[in-house]
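J.: Here's my sequence, what's the structure:
(chains A, B, C and D)
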There are 2 protein chains.
Amino acid sequence: MPTRLKDIANALDVSLVTVSKVLRGKTDVSAETRDRILRKMEELNYKPNMIARGLASGRSLTVGLIVPDIADPFFAELARSLGAHLRRSQYQLLLASADESAAVEQHEIENLLQRGVDALLIASCQTNATGLDAALRHHTPCVLLDRMLPGTQANFVGTDDVLAGRLATEHLFSLRRRRIAHIGSEGTSTATDRLRGYREALAAGRIPPDPALTITCDLHGGRPDLLGHDAMRQLLERPEHPDAVFCYSDLLAVGAIRAAREMGRRVPEDIAVIGCGNLPLSAYLEVPLSSIDQGTAELGEHASQLALELIGSKVPPAPKSLLVPPRVVVRASTGASAV
Amino acid sequence: MPTRLKDIANALDVSLVTVSKVLRGKTDVSAETRDRILRKMEELNYKPNMIARGLASGRSLTVGLIVPDIADPFFAELARSLGAHLRRSQYQLLLASADESAAVEQHEIENLLQRGVDALLIASCQTNATGLDAALRHHTPCVLLDRMLPGTQANFVGTDDVLAGRLATEHLFSLRRRRIAHIGSEGTSTATDRLRGYREALAAGRIPPDPALTITCDLHGGRPDLLGHDAMRQLLERPEHPDAVFCYSDLLAVGAIRAAREMGRRVPEDIAVIGCGNLPLSAYLEVPLSSIDQGTAELGEHASQLALELIGSKVPPAPKSLLVPPRVVVRASTGASAV
DNA sequence: ATGAAAGCGCTAACAC
DNA sequence: GTGTTAGCGCTTTCAT
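T.: Numbers count the residues shown, from 1 in each chain, chains lettered A, B, ... in the order given. Take a look at the predicted model:
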């Protein structure tokens, strides 16, 4: 059985409280007793029971993270970064993957709150913020990650997705492409923001918007690579087909490129393609994929910082929004061999 | 503030214990009181405080998972599957990523035990099993995932890696390749087992082992794709170069293919390559990559089952080893266009 | 069928 | 400096 504070106290004939004080680094203990206690802790290999500590203190030294899908490389990297940063501050990450389901996500929110997390980080797949009410009831600080929720004045850490869309589109524009399509998504702030950036860039380039060049995929509807494939085929079958495409995600882009090549188009000569997310394997794809890098590790760092800050403040500060600037990574799919 | 059992009890003028009984589904409560209590719980939106419950009952309904790197697609998928299965049994997954460091892993083991996990699942990057002693002290059941540890009689759930190595090599053999190389790894049971399977298959095919055809990479030394690249270059610079390579991982294989092509070799015509792990993007690589699929989701299911079983048994049963059989997935890198 | 008493291992206030 | 007294919110055992 693991050693308890009481065991240390008994062995040394001091009170349990004194031991607890040493444990927590309180200064009202004589140097001598402190030494004896520390030595005994070492000797008996004492490790505090975090459950008991959590119950007594009301703080669990725990941060909950909910992501739509931990198998998505973006969220996996985010979790990794977050976990590493929190560990340095003695915090433990409780991870939940919502399986892309709003119901599961809601369940996990309640669940993590019941487990007494000191802060809750959510990359939400809900469409509104009512699910966060539970966190308010618990007075648990909450940070939205990656995706904003409509009608919320919440803390947010994410990519500047409008900028992401603009950078991607401007990059295609700089390659002298003028019929620039967008294969997008819907239902998330990331989707609408990237679309907005795309439109802004077109406007800035004095390209009239052509509704036929925007296709929206329902990413709940299946594998994104296949959806991207379909979307590209639709685009290329139209008489006025595009000479460039900005895809909402790399996975969509991968499928889109496959479709283009199957239809005899050269990438990037006939059609340039850029994705978003900068998958680790981007460089090794059939056509190495240009993409928008979101600085995922940096996102995790900011999120953990903000979480700790919120935990530390007695009164909840005004909600903050932290936008990490993305950057273009050029590879062959929009590369030098382009026309 | 969240509702507590006491609030329900007071509101209904029954004892806290009766409420607790209803909460836990005990039958020694009259149907009427039960109904009143359940209604009140609903009304006050009662959610049990899992920390208090954990402290009182000694069970946290929590399972800890430690992986070397959550950003590795294999471990991410494992975590996803595990989390989904545990959720169905009301268990919560506590995830820790060890950053490929044995020291961090050890730290996380202690950490999760202090948090009172009911079982501990570890894909370990340690070289021996002494780190698991802490779990024994806590009487916490423990399952090794993916990698066995030498000198351990522990529960294990993982791929049948000897079979993986044999299947991969036999597949290359069936393509009439006879100079089959192996780009391997070291320090893990997966590495030595796959190597063993490779050798067994060679022996079965009456191919004399050629030490010049086995290269071992130190995967702690950097990016696996670059290591694979280097390894392939070494292999091809030798006078008696191979006509096929089985790589320990897909990432190694990806780098290896790149190197081969840079050196003017055609894949698979001049050299066939098969990896292991079956990355989600395998089909979209510059040369779609043949691989060994490990049935990761199935691994997660078995692991969660075993964990729950161990938690449920009063006396620890004899350690079990569960080996999931892998299977070959053929793509272009060893595909039909082969000689 | 109901509840009183004790306690899980720790922390937080306040005495001495 | 040190220790005492009270809990945190729940479960467990055992009376009634």
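J.: Flag every residue of the stretch 51-200 of chain A that's near chain B.
T.: A:51-52, A:54-55, A:60, A:62, A:69-71, A:73, A:76-77, A:79-80, A:83-84, A:87, A:92-97, A:99, A:104, A:107-108, A:110-116, A:137-139 (CB under 8 Å from any CB of the partner chain). Backbone N, C-alpha and C define where each C-beta goes, glycine included.
J.: what about burial for those residues, which qualify?
T.: Neighbour-count burial (16 or more other CB atoms under 10 Å in any protein chain shown) applied to these gives A:51-52, A:54-55, A:60, A:62, A:69-71, A:73, A:76-77, A:79-80, A:83-84, A:87, A:92-97, A:99, A:104, A:107-108, A:111-116, A:138.
J.: Among those, which ones are in strands?
T.: A:62, A:92-97 (DSSP state E).
J.: of all these, which comes closest to A:Ser124?
T.: Among these, A:Ala96 lies closest to A:Ser124 (CB to CB), at 11.9 Å.
J.: That closest one contacts A:Asn111, doesn't it?
T.: Yes. If you go by CB atoms under 8 Å, A:Ala96 and A:Asn111 touch, sitting 7.1 Å apart.
J.: Quick check: neighbours shared by those two?
T.: B:Gln92 (CB atoms under 8 Å, 6 or more residues apart in numbering or on different chains).
J.: Which of the ones in strands among the buried ones among the residues of the stretch 51-200 of chain A next to chain B sits closest to DNA strand C?
T.: DNA strand C lies nearest to A:Thr62 out of those, by CB to the nearest atom of the strand, at 14.4 Å.
J.: and that closest one, what is it in contact with?
T.: A:Thr62 touches A:54, A:91-94, A:115-118, B:115, counting by CB under 8 Å, 6+ apart.
J.: Looking at these, which one is closest to DNA strand C?
T.: A:Gly54 (8.1 Å).
J.: got any ranges where chain A has weak pLDDT?
T.: A:336-339 (pLDDT under 70).
J.: Can you show me the strands along it?
T.: A:62-67, A:92-97, A:119-122, A:142-145, A:155-159, A:180-184, A:214-216, A:244-247, A:272-274, A:291-293, A:321-324, A:327-329.
J.: Reformat the ones you listed as JSON lines; add distance to B:Leu226.
T.: Formatted as JSON lines, the strands of chain A follow (distance: least, CB to CB, whole Å):
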{"stretch": "strand A:62-67", "distance to B:Leu226": "29"}
{"stretch": "strand A:92-97", "distance to B:Leu226": "29"}
{"stretch": "strand A:119-122", "distance to B:Leu226": "33"}
{"stretch": "strand A:142-145", "distance to B:Leu226": "31"}
{"stretch": "strand A:155-159", "distance to B:Leu226": "28"}
{"stretch": "strand A:180-184", "distance to B:Leu226": "32"}
{"stretch": "strand A:214-216", "distance to B:Leu226": "37"}
{"stretch": "strand A:244-247", "distance to B:Leu226": "27"}
{"stretch": "strand A:272-274", "distance to B:Leu226": "25"}
{"stretch": "strand A:291-293", "distance to B:Leu226": "19"}
{"stretch": "strand A:321-324", "distance to B:Leu226": "27"}
{"stretch": "strand A:327-329", "distance to B:Leu226": "18"}
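J.: Pick the most deeply packed of those.
T.: Most buried of those, by mean neighbour count (mean count of other CB atoms under 10 Å in any protein chain shown): strand A:244-247, with a mean of 32.
J.: What about A:Ser185, how many residues nearby?
T.: Residues within reach of A:Ser185, counting by other CB atoms under 10 Å in any protein chain shown, total 21.
J.: closest one to DNA strand C among the strands of chain A?
T.: Nearest to DNA strand C, of the strands of chain A and by CB to the nearest atom of the strand, is strand A:62-67 at 14.4 Å.
J.: quick one: strands adjacent to the closest one?
T.: Using DSSP bridges, the strands paired with strand A:62-67 in its sheet are strand A:92-97 (parallel), strand A:119-122 (parallel).
J.: so does stretch A:79-97 get close to DNA strand C?
T.: No. Contact of stretch A:79-97 with DNA strand C (CB under 7 Å from any atom of the strand) is absent, the minimum separation being 12.2 Å.
J.: returning to what we had before: let's see which of the residues of the stretch 51-200 of chain A next to chain B end up in helices.
T.: A:51-52, A:54-55, A:73, A:76-77, A:79-80, A:83-84, A:87, A:104, A:107-108, A:110-114, A:137 (DSSP state H).
J.: what does chain A have sitting close to DNA strand C?
T.: Near DNA strand C, when you scan chain A using CB under 7 Å from any atom of the strand, you find A:4-6, A:16-17, A:20, A:23-24, A:48-49, A:52-53, A:55-58.
J.: So which of those residues sit within helices?
T.: Filtering these for helices - DSSP H - leaves A:5-6, A:16-17, A:20, A:23, A:52-53, A:55-57.
J.: Could you pull up the contacting residues of the nearest residue to A:Leu323 once chain neighbours are set aside?
T.: In space, and not counting its chain neighbours, A:Leu323 is closest to A:Asp160: 4.0 Å by CB to CB, 6 or more residues apart in numbering or on different chains. Applying CB under 8 Å, 6+ apart to A:Asp160 gives the contacts A:323-326.
J.: Next, count neighbours for A:Gly57.
T.: That one is not Gly; residue A:57 is Ser. A:Ser57: 11 neighbours (other CB under 10 Å).
J.: contacting residues around the residue of the stretch 101-250 of chain A found nearest DNA strand D?
T.: The minimum distance from the stretch 101-250 of chain A to DNA strand D, using CB to the nearest atom of the strand, falls at A:Gln114 (8.6 Å). Contacts for A:Gln114 (CB under 8 Å, 6+ apart) come out as B:47-50.
J.: which one of those residues has the most neighbours?
T.: B:Met50 (21 neighbours).
J.: Can you name the residues that contact that residue?
T.: A:114-116, B:60-61.
J.: From chain B, how far out is the residue nearest to A:Leu323?
T.: A:Asp160 sits 23 Å away from chain B, taking CB to the nearest CB, to the nearest Å as the criterion.
J.: need the helices for the stretch 151-300 of chain A, in chain order.
T.: In order along the chain, the stretch 151-300 of chain A carries the following helices (DSSP state H, counting those that start in this stretch): A:161-174, A:189-204, A:224-237, A:250-262, A:296-312.
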